[in-house]
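Peer 1: pasting the structure only:
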């Protein structure tokens, strides 16, 4: 049964998407965010290359970042999936984010293009990378910590590639990376779309047991919440 609150949210969602598709500023913001993220990642990687931590340190940094990036991006995903503030300044971005449940398949692109374009959704990553850039200029900061933070920032964009491969690719190498747990597996991520409020991580899924416990306590989920808000919305392709 359609409630007054649900009808209101659907109107707000449709209005937010109308603004997103009609206002070039949102597309420009996405390109700017992508450029800022990728530029900061490249600069930070160049910056930490001069800080030697040895082969063992590199292994520790990569493993820590591999887990941390999965966890942080999973938490952001959890927050965004339940966010219904469509009438805010960021409302059009929130509404557009929810469409990944409505139309989960991607337009096929080369992986470098996916890395750049999908980094547009990571507005939160820009100030985080900027803060890490400031940390590199502070004396006494642990080189190992800096490597972990830089690698986490880079792997946050790799997570978007992992998600893309999970939804789009059937190549043996992509399947091997997913099934080995290095990247996200199709089987693991399918649970996120089939069930509610579960398996938000999308780099490799290793942190999902912890995120699922957090979601069970603090998140409203999406299938009976924000997934209902786009029910009255038609994409351009659907309206043809």
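Peer 2: Nice, thanks for sending it over. Note that this is a predicted model, so its numbers are computed, not measured. Numbers count the residues shown, from 1 in each chain.
Peer 1: mind jotting down where the helices sit in the chain?
Peer 2: Ranges of helices in the chain, per DSSP state H, are 4-22, 24-49, 54-82, 91-102, 111-118, 125-135, 143-168, 172-179, 186-194, 208-218, 236-239.
Peer 1: what about the closest residue to residue 94 other than its chain neighbours, distance to residue 119?
Peer 2: Nearest in space to residue 94, with sequence neighbours left out and distances taken as C-beta to C-beta, 6 or more residues apart in numbering, is residue 83 at 5.1 Å. Every C-beta, even on glycine, is put in place using the N, C-alpha and C of the backbone. According to C-beta to C-beta, to the nearest Å, residue 83 stands 19 Å off from residue 119.
Peer 1: which one of those two is surrounded by more residues?
Peer 2: residue 119 (25 against 20; other C-beta atoms under 10 Å).
Peer 1: show me what contacts the more buried one?
Peer 2: Residue 119 makes contact with 33, 34, 37, 38, 125, 157, 160, according to C-beta atoms under 8 Å, 6 or more residues apart in numbering.
Peer 1: using CSV, lay out these together with pLDDT.
Peer 2: Converted to CSV, the contacts of residue 119 look like this (pLDDT from 0 to 100):
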residue, pLDDT
33, 98
34, 98
37, 98
38, 98
125, 98
157, 98
160, 97
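Peer 1: please tabulate these in TSV, including the columns distance to residue 133.
Peer 2: TSV is the format used below for those (distance: C-beta to C-beta, whole Å):
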residue	distance to residue 133
33	16
34	17
37	12
38	14
125	12
157	16
160	21
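Peer 1: so which of those comes closest to residue 25?
Peer 2: residue 33 (12.3 Å; C-beta to C-beta).
Peer 1: on that earlier part again, which one of the helices of the chain lies nearest to residue 229?
Peer 2: helix 4-22 (4.4 Å).
Peer 1: quick one: average confidence on that closest one?
Peer 2: The average pLDDT for helix 4-22 rounds to 96.
Peer 1: below-threshold pLDDT in this structure: ranges please.
Peer 2: 1, 104-105, 235-240 (pLDDT under 70).
Peer 1: now do the contacts for residue 101.
Peer 2: 81, 193, 222, 227, 230.
Peer 1: same thing with residue 31?
Peer 2: Contacts of residue 31 by C-beta under 8 Å, 6+ apart are residue 120.
Peer 1: how near is it to residue 91?
Peer 2: Residue 31 sits 20 Å away from residue 91, going by C-beta to C-beta.
Peer 1: correct me, but residue 196 touches residue 221?
Peer 2: Yes: between residue 196 and residue 221 there is a contact under C-beta atoms under 8 Å: 4.4 Å.
Peer 1: now the residue nearest to residue 94: phi and psi?
Peer 2: phi -70, psi 120 (degrees, to the nearest 10).
Peer 1: ditto for the one 4 residues further on
Peer 2: The phi and psi values for residue 87, taken as degrees, to the nearest 10, are phi -90, psi 10.
Peer 1: returning to that earlier point: wait, the residue nearest to residue 94 sits on residue 226?
Peer 2: Yes: between residue 83 and residue 226 there is a contact under C-beta under 8 Å: 7.3 Å.
Peer 1: and for residue 117, nearest residue in space, chain neighbours not counted?
Peer 2: Looking at residue 117 with C-beta to C-beta, 6+ apart, the closest residue is residue 34, at 6.4 Å.
Peer 1: ok, the one you found - contacts?
Peer 2: Counting by C-beta under 8 Å, 6+ apart, residue 34 touches 116, 117, 119, 120.
Peer 1: what's the answer for residue 43, then?
Peer 2: residue 133.
Peer 1: state the distance from it to residue 64.
Peer 2: 21 Å.
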